[in-house]
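In: Here is the input, now give the coordinates:
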Amino acid sequence: MIKSALSFIILLVVGLYGQAAAKEVVVTARVDRDSVPAGESLQMEVTITNGKGVVDTSGITDFKVLSRGTSSSVQIINGRMSQEEAHAYLLIPQRQGKLTIPPLPVDVDGSTYTTTPITISVRTQQAPDGSAASSDREAWVTATVSNPSPFLGQQLTYTFRLTNRVQVNDAKFQPPAFEGFTAKEIKDRRSFRKTINGRDHMVTEVYYILTPLSAGEHTIEPAVLQVGLLRQHPGSRRSPFDDFFNRGTLEQRVLQTEAVSLSVRALPPLDKDLAFSGLVGQFDLDAAMETDTLKVGDSATLTVTVQGQGNVMDAEAPGIEVPTGFKQYADNPEEVVTADRRGFSGKKVFRIALVPVEEGTFTLSPVRLVYFDVGQGAYRTLTAAIPPITVQPPDTAQVAPVTITPDPLRPLKKQVAFTGRDILPPKESLEAIASQAPLSGVVFIMALAGPALVYFGLVLVQRLRRKDSGPAAIMAARARDALRSAQRGNREAALTALHQALTAAILAAAGRTGAALTWKEARSLLKACGQSAAAEPAAELLAQIESHKFSGTAANAARLNALIAETRAMVGKLLP
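Out: Next comes the predicted model:
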């Protein structure tokens, strides 16, 4: 009886699978929305009914594509079975306007099927002040600069702003490369609440101080924020237990700012009679003498202080014309600089010890500093006067002659007296001289070269044992350590370690240190350091690792092993 039942079940399952196999394969592509604001992502799903296959997304050029994994399901309805495989993707628009997802080829058991094209409308991103249609958005990001047309060398503030009215989790910020600028992040971030169109929003701001390195037109690429939006279930009751049990769903989104364009103005020509200090901003100059009256051989400190807002840390010691009757000794400058949303500000103090070598009254030339005033848009010369210095003769004291008389209580030193012969007396006769056999040429050369060979051998051993502490060696060691960690951790930890390993290897090849890279930065670095052949494959591999790492869906074991093997091979190519 039991055998008959098992046979029936097996035949039923085989029959159902046979029915499914005989059914027509259907491939469909759909998106969660066909209109998005610029900078927001959308989700795409390609489903394969009655089959399993591989989706080719290489034809999508208007969007950056991030894979979110694959899932499958089987349904039995009225005795008929249907099988469905779903491929999930995250799409990030690369421009505004009407964008198209072209027909996607899908290979199913050797046969190629094609999805239908989809048109997406990417709208202009709204300002974060609640104007226009921004009131219905749950989260958006913007990027602004404090001055879109700065002077060369003038500091400006780049502000990244996240505005959200729903709870966000697991946010990962990817700043721009800031090509053509020096950039320093301000650690003091700001968060505040703001009411927009009657709704309460949370605003978070991240700041960078930028300094343009060349004049002309510049573009700061978009910043990217990968974030999870927590959505409450419709109709769910709010209670103290809601947060504990996390009632809701977490939807992964990729938010992207628009690019920021700047026009950097060159500094005007400088009068050839002026010595430009290189400072750009707004500064003050002060000079003070410790005392204006001293004696020959004494010392007094001249203190020169440069303070203000701008690149004050680049200030150099001002030239001071000291009279020939003085010697001068400069001390190390003292620097107190802070960074905030307005930029760098602070002071730099220079101290010089002046020692007169002759008496008289001396007049020192004023201290001058030429800088570019961004408020006036012109060069400005600061002058600080130094008061005259009066040098008096040195103090003279009579020194009494010293007469040395013998101390009667101290005994005189005795002369050396002969007390006896040594146990082994020295040989004084001619028989003490004995002839030695001459050294051979080989022994003589070895005797001379031996110490040198030993010295160079020790130097070679020390160099071999000495650990290279350069940027390339540091990042190479970090890449190898991360590769070893990728093979020991779980899937999520392994993906993080692979990302660190590949990033460190790319930085090592470029001879730089760092902790994070975008795939575009990786490609640019490798091309710049002569690794053009590996630039595209390494950037693509980094994008694939990011896709599995940030998409919210972990890679399966087979795919993870493949990523580990590909990363190991790529690291081997990049590292010497």
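In: Mind listing the residues bridging to Ala378?
Out: In this entry, Ala378 is beta-bridged to Asp373, by DSSP bridges.
In: doesn't Val280 make contact with it?
Out: No - here Ala378 does not reach Val280: they are 11.8 Å apart, not a contact under CB atoms under 8 Å. Using the backbone N, CA and C atoms, a C-beta is placed for each residue, glycine as well.
In: More neighbours: which of the two?
Out: Neighbours were counted for Ala378 and for Val280 using other CB atoms under 10 Å; Val280 has more, 23 against 10.
In: I'd like to know how far that one sits from Glu217.
Out: According to CB to CB, to the nearest Å, Val280 and Glu217 sit 19 Å apart.
In: okay, now Ser299: neighbour count?
Out: Ser299 has 15 neighbours, counted by other CB under 10 Å.
In: how about it, what does it touch?
Out: Taking CB atoms under 8 Å, 6 or more residues apart in numbering as the criterion, Ser299 is in contact with Ala353, Leu354, Val355.
In: what's the domain layout of this protein?
Out: 16-123, 132-234+245-264, 276-392, 471-574 (automatic domain parsing).
In: before we move on, back to that, any shared contact partners between Ala378 and Val280?
Out: Counting by CB under 8 Å, 6+ apart, the common neighbours of Ala378 and Val280 are Phe372.
In: gap between the two ends of stretch 310-327?
Out: End-to-end distance for stretch 310-327: 33 Å, by CA to CA, to the nearest Å.
In: so how far is that stretch off the chain centroid?
Out: From the chain centre to the centre of stretch 310-327 is a distance of 35 Å (CA atoms, centre = their mean, to the nearest Å).
In: And stretch 31-48, by the same measure?
Out: Its chain's C-alpha centre and that of stretch 31-48 lie 31 Å apart, by CA atoms, centre = their mean.
In: cool, stretch 357-367 as well?
Out: That offset, for stretch 357-367, works out to 50 Å (CA atoms, centre = their mean).
In: Span of that stretch from start to end?
Out: End-to-end for stretch 357-367, by CA to CA: 22 Å.
In: Report the rounded mean pLDDT for it.
Out: Across stretch 357-367, the average pLDDT comes to 90.
In: which parts of it are buried?
Out: Neighbour-count burial for stretch 357-367 flags Phe362, Leu364, Val367 (criterion: 16 or more other CB atoms under 10 Å).
In: Let's have the residues you listed in TSV, adding secondary structure and distance to Ser58.
Out: Shown next, in TSV, are those (DSSP: H, G, I helix; E, B strand; the rest coil; distance: CB to CB, whole Å):
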residue	secondary structure	distance to Ser58
Phe362	strand	79
Leu364	coil	73
Val367	strand	65
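In: want to throw the residues you listed into CSV with distance to Thr115?
Out: Shown next, in CSV, are the buried residues of stretch 357-367 (distance: CB to CB, whole Å):
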residue, distance to Thr115
Phe362, 89
Leu364, 82
Val367, 74
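In: Closest one to Met475 out of these, please.
Out: Ranked by distance to Met475 (CB to CB), the buried residues of stretch 357-367 are led by Val367 at 44.8 Å.
In: who touches the closest one in this structure?
Out: Leu285, Ala287, Val304, Pro318, Ile320, Thr383, Ala384, Ile386.
In: What confidence value was assigned to the closest residue to Tyr379 other than its chain neighbours?
Out: Distances taken as CB to CB, 6 or more residues apart in numbering place Phe372 nearest to Tyr379, at 5.6 Å, with adjacent residues excluded. Predicted confidence (pLDDT) for Phe372: 95.
In: now Pro411
Out: The model reports Pro411 with a pLDDT of 53.
In: Next, count neighbours for Ile196.
Out: Close neighbours of Ile196, defined as other CB under 10 Å, add up to 17.
In: May I have the phi/psi pair for it?
Out: phi -120, psi 120 (degrees, to the nearest 10).
In: Return the distance of it relative to Val36.
Out: As defined by CB to CB, Ile196 lies at a distance of 19 Å from Val36.
In: So what's the gap between the helix or strand containing Leu541 and the chain middle?
Out: In the assignment (DSSP states H and E), Leu541 maps to helix 532-550. Averaging C-alpha positions (CA atoms, centre = their mean) puts helix 532-550 18 Å from its chain's average.
In: send the alpha carbons of it over as PDB?
Out: What follows is helix 532-550, C-alpha atoms only, in PDB (Å, rounded to 0.1, in the frame of the first residue of the first chain):
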ATOM      1  CA  SER A 532      45.200  50.500 -19.000                       C
ATOM      2  CA  ALA A 533      44.800  46.800 -19.800                       C
ATOM      3  CA  ALA A 534      43.400  46.100 -16.300                       C
ATOM      4  CA  ALA A 535      41.400  49.300 -15.900                       C
ATOM      5  CA  GLU A 536      38.100  48.200 -17.400                       C
ATOM      6  CA  PRO A 537      38.100  44.600 -16.000                       C
ATOM      7  CA  ALA A 538      39.100  45.800 -12.500                       C
ATOM      8  CA  ALA A 539      36.400  48.600 -12.600                       C
ATOM      9  CA  GLU A 540      33.800  46.100 -13.800                       C
ATOM     10  CA  LEU A 541      34.800  43.600 -11.100                       C
ATOM     11  CA  LEU A 542      34.600  46.300  -8.400                       C
ATOM     12  CA  ALA A 543      31.100  47.200  -9.700                       C
ATOM     13  CA  GLN A 544      30.000  43.600  -9.500                       C
ATOM     14  CA  ILE A 545      31.200  43.300  -5.900                       C
ATOM     15  CA  GLU A 546      29.400  46.500  -5.000                       C
ATOM     16  CA  SER A 547      26.300  45.200  -6.600                       C
ATOM     17  CA  HIS A 548      26.200  42.100  -4.500                       C
ATOM     18  CA  LYS A 549      27.400  44.000  -1.400                       C
ATOM     19  CA  PHE A 550      25.000  46.900  -1.400                       C
END
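In: quick one: contacts for the residue nearest to Ile120 when sequence neighbours are not counted?
Out: Leaving aside its chain neighbours, Ile120 sits nearest to Leu99 (4.8 Å; criterion: CB to CB, 6+ apart). Counting by CB under 8 Å, 6+ apart, Leu99 makes contact with Asp62, Phe63, Pro93, Thr119, Ile120, Ser121, Val122.
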